[in-house]
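[1] please find the sequence and the predicted model below.
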Amino acid sequence: MLRRLGLSLATLALASTGVVALAPPAAYAAQAGSEAGAGGDTLFPRQGDARYQVRSYDVSLDYTPVTNRLTATTRIVAVAARDLGRFDLDLEGLDVSRVLVDGEQAAFSRDGHELTVRPDGGLDRGRFTVRVDYGGEPQEHIDPDGSTEGWVRTADGATALGEPVGTMTWIPSNNTPGDKARYTFRLTVPTGYEATANGVLVSQRDEGLTTTWTWRADDPMATYLAMVSIGQFDVFESQTESVDGRTIPIWSFTDVTGGDAAAARRLLPKVIAFQERLFGPYPFDAAGLVVDDADVGYALETQTRPFYPSVGAADGALVHETAHQWFGDSVTLVDWHDIWLAEGFATYAEWLWDARHGGDTPQEHFDDLYDTPASGALWRPAPTEFTDAADLFGSPVYNRGAMTLHALRKEVGGDDFFRIVRLWAQRNEDGSVRTAQLVRLAERVSGRELSPLFRTWLEKAGKPAGY
Ligand code: TRP
Ligand code: ZN
């Protein structure tokens, strides 16, 4: 509540300095909604359906690690922007036994990952509910760059990771980042196993042979940030106080075979406090981390509870994934081509941390990268201009993305730069954004024309001259 008050004061301050409120992302839904089965994202146009928005997912799943067997029910509350004869969910693999819409059995068909639902007599615009009963053996999903996501089995269970599209391997969902919703996870596992997901632990009920862990993620979340992790874990519970006085509960789960990540767990509250001073209040009501032996080769900023294949205090991953809680998770891209809004900021957050902890300054990071020859992979494609999904996690997105922010800082000065960054996080808290909105905000705060700078750094292949 305190945080809400802080937010509205900030909004008032914004209005009184003549900064005009940014356009809501509603234009996106209207424009993208003309085609059935199109989510509106330009990189994965077959993911999602822009004609409705999900309010909440309630995911009940029963999982047996030794057989990789899943039995699940997902209940969705959604709002249709118009009357619909049919609508699409995304679900890859698994068998669907039944779909109910507003409590009535509905016809459905499957084509690749499209699960098309045709309610009898169609749907009126407005609120509707969907219940999907499904199960089977959930699978990994291999991305265009060869990396693994989706339902990833481990030695003693599984971890589900969803960037960019893998959540459809276990939740029938409107699987596009522009549709954020609230989640409840009810995870039933053999007693003796632990099960975590995003958000706050509501209950842990021992039913004898099985135990049900219920987690609730009350802040809107993109599907790609949903996670579950099931296995044999050590569970650590603590708390930290946010800059605005809230008590943030911390739940961390570390695989029993992989060490207890003590150094990283000790550092987490310090990283949050450091970033709150730079970016504003921590945007969520829970925190933590998960360390598991899902062999994917990357960490992931799963909301409130990032995943690490391993984590030490010294590597930048803890700082990076924690910064994503503001940039990417709370303030979420609508279109994957804007992923630099997540990765550029998270990388820049690492530079800011380094500078305060005896490492290179942002200017030194920038200069080192700027020395990359013009032929280097850093310079093409430009951060927002890739056409191949294999370039989503490339050096232009991360490093040139962070360099873009440093170029902005040099142009507007440190005071305005951090004002822009904080306003970006506050104004768009729990929201959905596009790059153009950041350009407008930066121009309004600084009083300068900045579209040439952003165009040079984000859209033009090749090495920007004169920096
Ligand atoms: N978004 C993750 C991060 O920066 C990284 C990531 C997710 C990734 N999927 C990937 C990196 C696939 C390489 C390949 O924290
Ligand atoms: Zn990242």
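    Good, I have the coordinates. Numbering: from 1, shown residues only. Ligands and ions are numbered 1, 2, ... in the order given.

[2] C-alpha from now on. contacts and neighbour counts both.
    OK.

[3] could you verify that residue 454 is part of a strand?
    No. Going by DSSP: H, G, I helix; E, B strand; the rest coil, the assignment for residue 454 is helix, not a strand.

[4] and the gap between it and residue 443?
    11 Å (CA to CA, to the nearest Å).

[5] next, count neighbours for the closest residue to ligand 1 within the stretch 251-400 of the chain.
    Nearest residue of the stretch 251-400 of the chain to ligand 1 (CA to the nearest ligand atom) works out as residue 300 at 4.4 Å. Neighbour count for residue 300, taken as other CA atoms under 10 Å: 25.

[6] how many neighbours does the residue nearest to it when sequence neighbours are not counted have?
    Nearest residue to residue 300, sequence neighbours excluded (CA to CA, 6 or more residues apart in numbering): residue 307, at 5.2 Å. Counted by other CA under 10 Å, the residues lying close to residue 307 total 31.

[7] list the beta-bridge partners for residue 307.
    Counting by DSSP bridges, residue 307 is bridged to residue 290, residue 300.

[8] for residue 154, same thing?
    With DSSP bridges as the rule, residue 154 is bridged to residue 157.

[9] kindly report the same for residue 61.
    Under DSSP bridges, the beta-bridge partners of residue 61 are residue 72, residue 187.

[10] against residue 135, how distant is it?
    According to CA to CA, residue 61 and residue 135 sit 9 Å apart.

[11] what pLDDT does residue 315 get?
    We note a pLDDT of 79 for residue 315 in this prediction.

[12] any stretches of this structure with poor pLDDT?
    Along the chain, the model assigns pLDDT under 70 to residues 1-37.

[13] hmm, 80 instead?
    The chain contains residues with pLDDT under 80 at 1-37, 315.

[14] contact residues of it facing ligand 1?
    147, 163, 298, 299, 300, 301, 321, 343, 393 (CA under 6 Å from any ligand atom).

[15] weed out the non-buried ones from those residues.
    Listed as buried from the residues of the chain next to ligand 1 are 163, 299, 300, 301, 321, 343; burial here means 16 or more other CA atoms under 10 Å.

[16] list the contacts of the second one.
    Meaning residue 299. For residue 299, the contact set (CA atoms under 8 Å, 6 or more residues apart in numbering) comprises 306, 307, 308, 309, 317, 321.

[17] residue 174 and residue 420, how far apart?
    Taken as CA to CA, the span from residue 174 to residue 420 is 31 Å.

[18] higher neighbour count, the two?
    Each of residue 174 and residue 420 has its neighbours counted (other CA under 10 Å); residue 174 has more, 30 against 23.

[19] can you tell me the closest non-neighbouring residue to that one?
    residue 48 (4.5 Å).

[20] my guess is the one you found contacts residue 54. True?
    No. Under the contact definition of CA atoms under 8 Å, residue 48 does not touch residue 54, with a separation of 10.7 Å.

[21] shared neighbours of these two, anything?
    residue 174.

[22] between those two, which is the more surrounded one?
    Ranked by neighbour count (other CA under 10 Å), residue 48 and residue 54 place residue 48 first, with 27 against 19.

[23] and the more buried one, its phi and psi?
    Backbone geometry at residue 48, expressed as degrees, to the nearest 10, gives phi 80, psi 170.

[24] who's in contact with it?
    Per CA under 8 Å, 6+ apart, neighbours of residue 48: 37, 38, 39, 40, 88, 89, 90, 173, 174, 175, 176.

[25] cutoff 10 Å now
    36-41, 87-90, 114, 173-179 (CA atoms under 10 Å, 6 or more residues apart in numbering).
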